[in-house]
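Have a look at this prediction, sequence included:
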Amino acid sequence: MAKSQQSTFTKQHLRKYQKEGINEIHQSFREGLKRVIFHLSTGGGKSITFSSIVWDHYINNLPVIVVVKRRQLIDQASKNLDNFRIPHGVLMANHWRKKPNEKIQIASIDTIHSRSNYHYSDDPRCLVIVDECHDVRGSGAKYPKLFEVYDKSYIVGFTATPYADNSFFQKIVCPIEGYELRDQGFLVPERTYIPSSIDVSQVKSSGGDYNKKQLFEASSGSQIIGDIVKSWKTHAEGRATLLFAVNVEHSKMIRDKFLAEGISAVHLDANDSLDARKKALNKLSQGLIKIITNCDVMSTGVDIPMVSCIQLARPTRSVIWHIQSIGRGLRPFPGKKDCIIIDNAGNTLRHGSIYMPRIATIEKRKKRLDPLPMMRTCAKCYFIFTTLGPCPQCGFADKKVRNIDYVEGDLIHHQVSEEEIRKTHFLNRYKTLRKAARFGKKKWIPSYEYQQLKKEFGVDICKKFSNLVSFPGHLL
Ligand SMILES: [Zn+2]
């Protein structure tokens, strides 16, 4: 069969921003770059974009190695390529798809690492696709070795969260932001409540996140478990819910409490078969169970669009984990208008809301670049918002403005004037936009910050605080 007949895939199936992203990747390579990150939010259509890039190489008879993090992800990548009818092999002992002569190969990083024979590494036209590339720097020696061996090749890293150390790469291509996907209807809006947050002030850090053992101790008191279930009853509106716990034991404790309260819940962990997971998801979509509790088996790689409530019972210092876990609930589904986030972990206060624009950079960063916007919690319904005036959810007007800040591990509630909040919020956004422009994530024009802020705050506010920032004079 001629290659052109083997797939019904055409570029018309790609969304506009996907085409733009792919073009920018190719353009970067033409300009001499070799290693580029493709930053695409959850729901941005990684499968089709990734397959399209592989397809381009396949029809030109060029080799591609797709590298995934875990063996479990091999079959998923393989299925994607099958959907596009791209012939390929899997580099894995005893895999039924072991076809070493195919030009397109999928492998797990472990398999690649354990072999001395790196496919096509001497071919400078070879493309290496690194899936979930956001923490390759922090994943031991395997990825440095991969980048070293394929130093002549082109490398595209895919991730929804390029917020760790991206210094293996030379550029980040981001054709669309999460909030733009939401605005265009590819993701649903969120509503966040923080009814109680687990106290982590005594929990030490280890390996970039909270110490698991101490975190479990801080999160597993009967009062806390009770609060978690109580908040679900108050805020979840009976929705299909995915709950993230600290560890397997914590997840089971929470499930038991839900069951004791007469709410049908199922716990899942890595020991459950794929079949058991599918069954649980089916039950969830049919409304036979309300909640799946888990530790992290559901945080990446699973597509569960019917979930419309995410409950966070695991405090984390990792913005990547924060985004990945909430991302499970944002895909559109018939009848689904939004996703409720019940944040018992307080993660939103540490890392901001899911749709907050964030800066991704290839420069090694010493500290966070994104100032968090001012956030307020409603004293009545615990809704989180950044606007002024009464709570947009329940209408309650708090006489005292309560503002929340997060400073070096501690949540600080303090009282400030509306004016002060407005000013700080405005300045923070201005700084974020300036930095985003500086790091070349968006094409910068002199009026860029002004145009963005005008959209978010309105002309009057921009004029009011114009003396604090530097807008081009003719705009005001
Ligand atoms: Zn409220």
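Yes, it's here.

Tell me where the stretch 301-450 of the chain has helices.
319-327, 347-351, 418-438, 448-457 (DSSP state H, counting those that start in this stretch).

by contact count, what packs against the first one?
With contacts defined as 3 or more Cβ pairs under 8 Å, 6 or more residues apart in numbering; DSSP states H and E, the packing partners of helix 319-327 are strand 309-312, helix 347-351. Just so you know, the C-beta spots here come from the backbone N, C-alpha and C atoms, and that holds for glycine as well.

quick one: low-confidence ranges for the stretch 201-350 of the chain?
299-302 (pLDDT under 70).

Which single residue of it ends up nearest the ion?
As assessed by Cβ to the ion, the ion sits closest to H235 within the stretch 201-350 of the chain, at 11.0 Å.

just to revisit the earlier point, what's the most buried one of the helices and strands packed on helix 319-327?
With neighbours defined as mean count of other Cβ atoms under 10 Å, the helices and strands packed on helix 319-327 peak in mean count at strand 309-312, which reaches a mean of 26.

Direction included, what does that strand pair against?
strand 241-244 (parallel), strand 339-343 (parallel) (DSSP bridges).

With mean neighbour count and distance to the ion added, can I get those in a markdown table?
What follows is the strands paired with strand 309-312, written out as a markdown table (neighbours: other Cβ atoms under 10 Å; distance: least, Cβ to the ion, whole Å):
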| stretch | mean neighbour count | distance to the ion |
| --- | --- | --- |
| strand 241-244 | 27 | 21 |
| strand 339-343 | 24 | 14 |
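
Could you dump the ones you listed into TSV with distance to V64 added?
As requested, the strands paired with strand 309-312 are arranged in TSV below (distance: least, Cβ to Cβ, whole Å):
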stretch	distance to V64
strand 241-244	33
strand 339-343	35
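
looking at the ones you listed, which is closest to E456?
strand 339-343 (21.2 Å; Cβ to Cβ).

so the closest one versus helix 319-327, what angle?
Going by axes from the mean of the first three to the mean of the last three Cα atoms, to 10 degrees, strand 339-343 is angled at 130 degrees with respect to helix 319-327.

which residues touch strand 339-343?
Applying Cβ atoms under 8 Å, 6 or more residues apart in numbering, the contact partners of strand 339-343 are 188-195, 197, 231-232, 235-237, 239, 307-312, 326, 329-330, 348-349, 354, 384.

thinking again about what came up before, right, and the helices of the stretch 301-450 of the chain - which one's nearest the ion?
If you check each of these against the ion by Cβ to the ion, helix 347-351 wins as the nearest, at 15.3 Å.

Convert the closest one to CSV, retaining C-alpha atoms only.
Below are the C-alpha coordinates for helix 347-351, written out as CSV (Å, rounded to 0.1, in the frame of the first residue of the first chain):
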residue,chain,number,x,y,z
ASN,A,347,-2.4,24.0,47.2
THR,A,348,-4.2,26.8,45.3
LEU,A,349,-2.9,29.2,47.9
ARG,A,350,0.7,27.9,47.3
HIS,A,351,0.6,27.7,43.6
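
How far off centre is it?
14 Å (Cα atoms, centre = their mean, to the nearest Å).

Check stretch 452-465 too.
29 Å.

what's the answer for stretch 237-256, then?
The answer for stretch 237-256 is 20 Å, by Cα atoms, centre = their mean.

Which positions in this protein make contact with the ion?
Within the chain, the residues that sit near the ion (Cβ under 5 Å from the ion) are 378, 380-381, 383, 391, 393-394, 396.

quick one on the thing from earlier: please identify which of the helices and strands packed on helix 319-327 is closest to R30.
Nearest to R30, of all those, is helix 347-351, at 36.3 Å by Cβ to Cβ.

Quick check: which helices or strands does the closest one pack against?
helix 319-327, strand 402-407.

Quick check: buried residues in stretch 54-63?
54-58, 62-63 (16 or more other Cβ atoms under 10 Å).

Those: which two are farthest apart?
Pairwise distances across these (Cβ to Cβ) peak at 13.7 Å, for the pair W55 and P63.

Ends of stretch 29-43, what's the gap?
Terminal residues of stretch 29-43 lie 26 Å apart, using Cα to Cα, to the nearest Å.

My read is that S47 contacts N80, right?
Yes. If you go by Cβ atoms under 8 Å, S47 and N80 touch, sitting 4.6 Å apart.

mind listing what C126 touches?
Residues counted as contacts of C126 (Cβ under 8 Å, 6+ apart) are 62-65, 119-120, 150, 152-154.

if we can go back for a sec, tell me how many other residues crowd the residue of the stretch 201-350 of the chain closest to the ion.
Using other Cβ atoms under 10 Å, H235 has 22 neighbouring residues.

Return the distance of it relative to E456.
27 Å (Cβ to Cβ, to the nearest Å).

From the ion, how far out is the residue lying closest to L40 once chain neighbours are set aside?
Once flanking residues are discounted, L40 sits nearest to K46: 5.5 Å by Cβ to Cβ, 6 or more residues apart in numbering. For K46, the distance to the ion equals 36 Å [Cβ to the ion, to the nearest Å].

K46 contacts F158, doesn't it?
Yes. Using Cβ under 8 Å, K46 is in contact with F158, at 5.8 Å.

Pick out the residue in the stretch 51-200 of the chain sitting closest to the ion.
Nearest to the ion, among the residues of the stretch 51-200 of the chain, is Y193, at 8.9 Å (Cβ to the ion).

which residues are contacting stretch 163-175?
Taking Cβ under 8 Å, 6+ apart as the rule, stretch 163-175 contacts 17-18, 20-21, 24-25, 28, 33-40, 133-138, 143-144, 147, 155, 157, 162, 319-320, 323, 358, 360-365, 441.

quick revisit: and for K46 and F158, which residues touch both?
Residues within reach of K46 and of F158 at once, by Cβ under 8 Å, 6+ apart, are L40.

buried residues in stretch 466-473?
Neighbour-count burial for stretch 466-473 [16+ other Cβ under 10 Å]: 469, 471.

now do stretch 97-113
For stretch 97-113, by 16+ other Cβ under 10 Å, it's 97, 102-109, 111-113.

As CSV, those with pLDDT and secondary structure would be great.
Formatted as CSV, the buried residues of stretch 97-113 follow (pLDDT from 0 to 100; DSSP: H, G, I helix; E, B strand; the rest coil):
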residue, pLDDT, secondary structure
R97, 92, coil
E102, 92, coil
K103, 93, coil
I104, 95, strand
Q105, 95, strand
I106, 95, strand
A107, 93, strand
S108, 91, strand
I109, 90, helix
T111, 87, helix
I112, 85, helix
H113, 83, helix
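
how about the residues you listed in TSV, adding distance to C339?
Shown next, in TSV, are the buried residues of stretch 97-113 (distance: Cβ to Cβ, whole Å):
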residue	distance to C339
R97	36
E102	40
K103	41
I104	36
Q105	37
I106	32
A107	35
S108	31
I109	32
T111	36
I112	36
H113	37
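
which pair in those spans the largest distance?
Farthest pair in the buried residues of stretch 97-113 (Cβ to Cβ) is K103 and H113. Separation: 21.8 Å.

Have a look at S47 and N80 and say which one is more surrounded.
Shown here are S47 and N80; by other Cβ under 10 Å, N80 has more neighbours (19 against 15).

right, and the more buried one touches F50 too?
Yes. Shown here, N80 and F50 form a contact pair, counting by Cβ under 8 Å, at 6.7 Å.
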